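Asks: Here you go, sequence then predicted model.
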Amino acid sequence: DAGVIQSPRHEVTEMGQEVTLRCKPISGHNSLFWYRQTMMRGLELLIYFNNNVPIDDSGMPEDRFSAKMPNASFSTLKIQPSEPRDSAVYFCASTIYLGGSGYTFGSGTRLTVV
Amino acid sequence: QKEVEQNSGPLSVPEGAIASLNCTYSDRGSQSFFWYRQYSGKSPELIMSIYSNGDKEDGRFTAQLNKASQYVSLLIRDSQPSDSATYLCAVKDSGYSTLTFGKGTMLLVSP
């Protein structure tokens, strides 16, 4: 099993540019989560999907953030336009079903907006 | 809003000692409790889960849960330098809820 796969690993972009982060969950996992991690705020849940359907996006900080899951094996998190305060590590995680225990995290995308 | 509190540390212990990591949570409805380990620059990795009051042991790790006090702890026996990492406490309600994470405690084990 390849685990949760995220790309890119690092992204440096200029303020105002569009950024797209990608995630492939573990095959057979029905729930997918996008987290953001900063020193100040720790791990924050941005949005999660169950069976490809967005369930709760209340953690998305602003309308500049959007996420999609067009099928069971792919999800994107988009920031448009990006701002320096968006700089963080973005993790994708998946689990077999929403009521299950423990999440498997991807390696993360370190985003730097200059 | 659910809160999970951890001392940020660093907690420094000598090699071979017992490291004790603590976590408190605000939601009395919480049912499932997890400890994740995160090495610098890496992703969180699940190391322990506990659901019932009392102790749960797995190798050198022991998780302790006291729901009445809303308190979870992780003990690491015979600490090794390779245990140096940030330990994240995570809490989950019953049913179809998501994990809420604490900010983590940094553990440093010196040789």
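Replies: Received it, and whenever you're ready, just let me know what you need. Here the structure is a predicted model, which is why all the values come from computation and not from measurement.
Asks: Can you classify B:S82 by secondary structure?
Replies: Assigned by DSSP: H, G, I helix; E, B strand; the rest coil, the conformation of B:S82 is helix.
Asks: residues touching it, list them.
Replies: Shown in contact with B:S82 (Cβ atoms under 8 Å, 6 or more residues apart in numbering or on different chains): B:V109. (Glycine included, C-beta is placed from N, CA and C.)
Asks: what's the neighbour count on residue 42?
Replies: Since no chain was named, I'll use chain A. With neighbours defined by other Cβ atoms under 10 Å in any protein chain shown, the count for A:G42 comes to 19.
Asks: Can you look at chain B instead?
Replies: 13.
Asks: nearest residue to it other than its sequence neighbours?
Replies: Using Cβ to Cβ, 6 or more residues apart in numbering or on different chains and skipping residues adjacent in sequence, the residue nearest B:K42 is A:S107, 7.4 Å away.
Asks: Model confidence at that neighbour, what's the number?
Replies: We have a pLDDT of 97 for A:S107.
Asks: The helix or strand B:L21 falls within pairs with which strands, parallel or anti?
Replies: Using DSSP states H and E, B:L21 sits in strand B:19-25. Strand pairing for strand B:19-25, determined by DSSP bridges: strand B:4-5 (antiparallel), strand B:71-76 (antiparallel).
Asks: Same list (those) but as a markdown table, adding mean pLDDT, mean neighbour count and distance to A:L32.
Replies: Below are the strands paired with strand B:19-25 laid out as a markdown table (pLDDT from 0 to 100; neighbours: other Cβ atoms under 10 Å in any protein chain shown; distance: least, Cβ to Cβ, whole Å):
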| stretch | mean pLDDT | mean neighbour count | distance to A:L32 |
| --- | --- | --- | --- |
| strand B:4-5 | 96 | 19 | 22 |
| strand B:71-76 | 98 | 20 | 26 |
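Asks: Which one of these lies nearest to B:F61?
Replies: Closest approach to B:F61 among the strands paired with strand B:19-25 (Cβ to Cβ): strand B:71-76, 5.9 Å.
Asks: Contacts for that closest one next, please.
Replies: B:18-25, B:33, B:35, B:48, B:50, B:60-66, B:83, B:87, B:89, B:91, B:107.
Asks: Give the next helix or strand downstream of that strand.
Replies: strand B:85-93.
Asks: Does chain A have contacts with that following strand?
Replies: Yes - using Cβ under 8 Å from any Cβ of the partner chain, strand B:85-93 reaches chain A at B:88, B:92.
Asks: just to revisit the earlier point, export the strand holding B:L21 as PDB, just CAs?
Replies: Extracted C-alpha coordinates of strand B:19-25, given in PDB (Å, rounded to 0.1, in the frame of the first residue of the first chain):
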ATOM      1  CA  ALA B  19       8.700  10.300  29.700                       C
ATOM      2  CA  SER B  20       5.200  11.300  30.700                       C
ATOM      3  CA  LEU B  21       3.100  13.300  28.300                       C
ATOM      4  CA  ASN B  22      -0.200  14.800  29.300                       C
ATOM      5  CA  CYS B  23      -3.400  16.000  27.600                       C
ATOM      6  CA  THR B  24      -6.700  17.400  28.800                       C
ATOM      7  CA  TYR B  25      -9.800  17.900  26.800                       C
END
